[in-house]
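Engineer: my questions are about this predicted structure, shown below with the sequence.
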Amino acid sequence: MSTTEARVAEIVAEHAGQEGPLIPILHDVQHALGCVDAEAEAVIANALNISRADVHGVVSFYHDFKPKADPRPEVQICRAESCKSRGVEDLMSAAKAAAGERVKLTTVYCLGLCSAGPNARVGDRLHARLDSAALTELIENAR
Amino acid sequence: MIVRISDDALARALGADALTDAFARKGHEVHRTSSWGMHWLEPLVEIDGMGFGPATLSDVDAILDGTSPKAIGEIVEHPFIARQQRLTFARAGRTRPTSLEDYEQTGGWAGLRRARQIGSEQIIAEVLESGLRGRGGAGFPAGIKWKTVAGAQADQKYIVCNADEGDSGTFADRMVMEGDPYQLIEGMAIAGEAVGATQGYIYCRSEYPDAIRKLREALSLCAGIIAPFRCEVREGAGAYVCGEETSLLNSLEGKRGEVRAKPPLPALQGLFGRPTVVNNVLTLTAIPHILEEGGAAIYANLGMGRSKGTMPIQLAGNIKHGGLFEIAFGITLRELIHDIGGGTESGRPVKAVQVGGPLGAYIHPDQFDVKFDYEEYTAIDALIGHAGITVFDDTADMGGMARFAMEFCAAESCGKCTPCRIGSTRGVELIDRIRAGGRKADAVEVLPVMHNASKAGRAPEQDVALLTDLCETMKFGSLCALGGFTPYPVMSALKHWPEDFFSREGEKAEKVLDRSGA
């Protein structure tokens, strides 16, 4: 048994007895391995007695689950209406330049700080009222 | 000295944690409370009822010796707070979110205690009497939904709280979950009492890590109080459509978050096929107040027409005084944006406001006298939704915002029904074509055998007609509000700001899309 298989089997076991355990399991796997790949899908399908297609269908439906791990630090930038009205689009070219290949920039639709945008999230930390300098600094310091 | 600083995610995102450390290092006791909802003043520091904000680390000394220019006077006297009628947010700014002691001292659990005495039928009668309508957007009377679930026979029923607040411009659910989690839990326990459900789920979006953490903490601390009712937090996974109730139920069951056709109603066949109450955070949070002695009558006396009680309105986007403003229904947009909100933060004129999130209509300043009421908004082809108001100044490109509405729908569509899945993508293409000034005839259209094809390409006016038709199809043919309401922002932008769609004459010639080589 590979280490991935062992770790996933462990996570599945932690959720035994829970109603509708698939999404919580996938969150834990994503958190532990940085992705939910085909190998993990197979272990989960086997343990929950559902088809691999069912598991893959769920994994591919949700934005939070990634098929492949990306070791780069991630900075999520909100580009929904409220942040647009506060000028997030004007920051994007500088943000992309600051990120380069080192940092992964992703778009999220709303972090719920809509009166104080533009907003970004790194890990579980949120950042609000960003201007170009603050966002660039945030991206450069992302680990 | 006791210093009070909010631990709401917004205050934390603006440096409240560092500020807390700074005051603590100076030997003061810092209490982390919920947020008053005056977001332009966050992080707001409160000492003996007096407020200072927005505070930075360099303000600490001046705040302590009373010379800070950031002083705003007594917080409860501030016009933004004094004008409100706070029921759902009565504790905002006043209590520590997960402190059971603070919750009990401010009347917590009184609604649940009374609900247990009066029993199911009377609870539902009082919720009906209050006139409370679902705060998620649809405005369906909460009491009727509960009555349906209470009347259904099953071995297990569920209370599901929809906390998948994905709409841009809304943050009231987040503020409740982070600032007053016990009130939501109490509302769910009362709902359980009313319909005979013992298991609850709070489906919270993964973009709200603070809310999830606080709810879990609160639930573990109050498990004994709400027993035999049990409740668990489930984390969403980044799908906007899971804010739709049937898609949320599928997600809770561990499936793709695809929308279900109705009927069967979730009230009869909901989670795992069992009778289920699905209510928004704000609906359930209004319940403890309604269930207090005489609460239903107080609630029913507020508001206008069939919109009873108060609404926590969220002022967002390009607005000077953004934040949470709870008031009875009936207030006009003009008052909200200009008197209370202070106009745009950029100081430029207001061009448009979007009410109700990404699926809400863009409202023109000429319509700002519309009163906050479900029916009044329907009459002008708009919706209240979750009562988020996003303000745009005159630099906004409304054609671009219409395109974004379609693009967002395409990105977030669950794919179950065709008008939403395909229509949104076609909508993006159509808006691009209109904005480019139409297109020339393509390689196939110019072939001699294509007798019926126009050789002149397509004019923007023709595409506007097609876009209107597409929007009609999406509105009436989609299974849920995602595809069904995306036409609201698109059509309202087209109606009020057509100049943002049609390029100016000079640019037209060069921008025409040429597909003849394709």
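Structural biologist: Happy to help now that I have it.
Engineer: please name the nearest non-neighbouring residue to residue 89.
Structural biologist: Answering for chain A, as no chain was given. Leaving aside its sequence neighbours, A:Glu89 sits nearest to A:Arg79 (CB to CB, 6 or more residues apart in numbering or on different chains; 7.2 Å). C-betas here are computed from N, CA, C, even on glycine.
Engineer: let's do chain B instead
Structural biologist: The shortest distance from B:Phe89 to any residue other than its chain neighbours is 4.9 Å, reached at B:Glu326 (CB to CB, 6+ apart).
Engineer: quick one: contacts for that neighbour?
Structural biologist: B:Gln84, B:Gln85, B:Arg86, B:Leu87, B:Thr88, B:Phe89, B:Thr310, B:Met311, B:Pro312, B:Ile313 (CB atoms under 8 Å, 6 or more residues apart in numbering or on different chains).
Engineer: show me what the last one bridges to in the sheet.
Structural biologist: To tie it back to what came earlier, the one meant is B:Ile313. B:Phe325 (DSSP bridges).
Engineer: pretty sure it is in contact with B:His386, am I right?
Structural biologist: No: using CB atoms under 8 Å, B:Ile313 is not in contact with B:His386; the gap is 9.8 Å.
Engineer: after the helix or strand B:Asn279 falls within, which helix or strand is next? Please name it.
Structural biologist: In this assignment (DSSP states H and E), B:Asn279 forms part of strand B:276-280. Using DSSP H and E, the helix or strand that follows strand B:276-280 in sequence is helix B:281-291.
Engineer: what's that following helix packed up against?
Structural biologist: For helix B:281-291, the contact count by 3 or more CB pairs under 8 Å, 6 or more residues apart in numbering or on different chains; DSSP states H and E identifies helix B:110-130, strand B:158-163, helix B:172-179, helix B:181-195, helix B:295-301 as packing neighbours.
Engineer: turn the ones you listed into TSV, including mean neighbour count and distance to chain A.
Structural biologist: Output for those, formatted as TSV (neighbours: other CB atoms under 10 Å in any protein chain shown; distance: least, CB to the nearest CB, whole Å):
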stretch	mean neighbour count	distance to chain A
helix B:110-130	18	24
strand B:158-163	28	9
helix B:172-179	28	4
helix B:181-195	28	15
helix B:295-301	18	26
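Engineer: can you tell me which of those comes nearest to B:Met1?
Structural biologist: helix B:172-179 (23.2 Å; CB to CB).
Engineer: what's that closest one in contact with?
Structural biologist: With CB under 8 Å, 6+ apart, helix B:172-179 has contacts from A:112, B:6-9, B:34-35, B:37, B:88-89, B:91-92, B:97, B:163, B:165, B:183-184, B:202, B:204, B:208, B:210-211, B:214-215, B:280-282, B:285, B:312, B:314, B:324, B:386-388.
Engineer: which of the three states applies to the nearest residue to B:Ile159 once chain neighbours are set aside?
Structural biologist: Once flanking residues are discounted, B:Ile159 sits nearest to B:Gly200: 4.1 Å by CB to CB, 6+ apart. Here B:Gly200 is recorded as strand under DSSP: H, G, I helix; E, B strand; the rest coil.
Engineer: what about B:Gly200, distance to chain A?
Structural biologist: 12 Å (CB to the nearest CB, to the nearest Å).
Engineer: burial count for that residue?
Structural biologist: As a burial measure, B:Gly200 scores 24 neighbours (other CB atoms under 10 Å in any protein chain shown).
Engineer: bridge partners for it, pull those for me.
Structural biologist: B:Ile159, B:Cys231.
Engineer: how about the helices in the stretch 201-350 of chain B?
Structural biologist: With DSSP state H, counting those that start in this stretch as the definition, the stretch 201-350 of chain B shows helices at residue ranges B:209-226, B:245-252, B:281-291, B:295-301, B:333-334.
Engineer: domain parsing for chain A?
Structural biologist: What automatic domain parsing lists as the domains of chain A is A:3-61, A:74-141.
Engineer: tell me the most buried of the ones you listed?
Structural biologist: Ranked by mean neighbour count, the domains of chain A are led by domain A:74-141 with a mean of 20 (mean count of other CB atoms under 10 Å in any protein chain shown).
Engineer: quick one: average pLDDT of that domain?
Structural biologist: Mean pLDDT, computed over domain A:74-141, is 96.
Engineer: list the buried residues of the helix or strand encompassing B:Asp469.
Structural biologist: Using DSSP H and E, B:Asp469 sits in helix B:460-477. By neighbour count on 16 or more other CB atoms under 10 Å in any protein chain shown, the buried set for helix B:460-477 is B:Pro460, B:Asp463, B:Val464, B:Leu466, B:Leu467, B:Thr468, B:Leu470, B:Cys471, B:Thr473, B:Met474, B:Lys475.
Engineer: residue boundaries of the helices in chain A?
Structural biologist: A:3-14, A:22-33, A:38-48, A:52-61, A:81-85, A:92-99, A:132-141 (DSSP state H).
Engineer: rebuild those as a markdown table, extending it with distance to B:Arg25.
Structural biologist: A markdown table is the format used below for those (distance: least, CB to CB, whole Å):
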| stretch | distance to B:Arg25 |
| --- | --- |
| helix A:3-14 | 40 |
| helix A:22-33 | 34 |
| helix A:38-48 | 45 |
| helix A:52-61 | 46 |
| helix A:81-85 | 34 |
| helix A:92-99 | 33 |
| helix A:132-141 | 24 |
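Engineer: for these, which one sits closest to B:Gly143?
Structural biologist: helix A:22-33 (31.0 Å).
Engineer: say whether chain B is contacted by that closest one.
Structural biologist: Yes: interface with chain B: helix A:22-33 contributes A:Leu22, A:Ile23, A:Pro24, A:Leu26, A:His27 (CB under 8 Å from any CB of the partner chain).
Engineer: and of the residues you listed, the nearest to chain B?
Structural biologist: Among those, A:Leu22 lies closest to chain B (CB to the nearest CB), at 3.1 Å.
Engineer: so that closest one is in contact with B:Leu252, correct?
Structural biologist: No: A:Leu22 is not in contact with B:Leu252 according to CB under 8 Å; the separation is 10.0 Å.
Engineer: circling back: ok, the residue nearest to B:Phe89 to chain A distance?
Structural biologist: Between B:Glu326 and chain A the computed distance is 15 Å (CB to the nearest CB).
Engineer: picking up where we left off before, using TSV, lay out the helices and strands packed on helix B:281-291 together with mean pLDDT.
Structural biologist: Converted to TSV, those look like this (pLDDT from 0 to 100):
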stretch	mean pLDDT
helix B:110-130	97
strand B:158-163	98
helix B:172-179	98
helix B:181-195	98
helix B:295-301	95
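Engineer: can I get those in TSV with distance to B:Asp397?
Structural biologist: Formatted as TSV, the helices and strands packed on helix B:281-291 follow (distance: least, CB to CB, whole Å):
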stretch	distance to B:Asp397
helix B:110-130	43
strand B:158-163	33
helix B:172-179	28
helix B:181-195	38
helix B:295-301	42
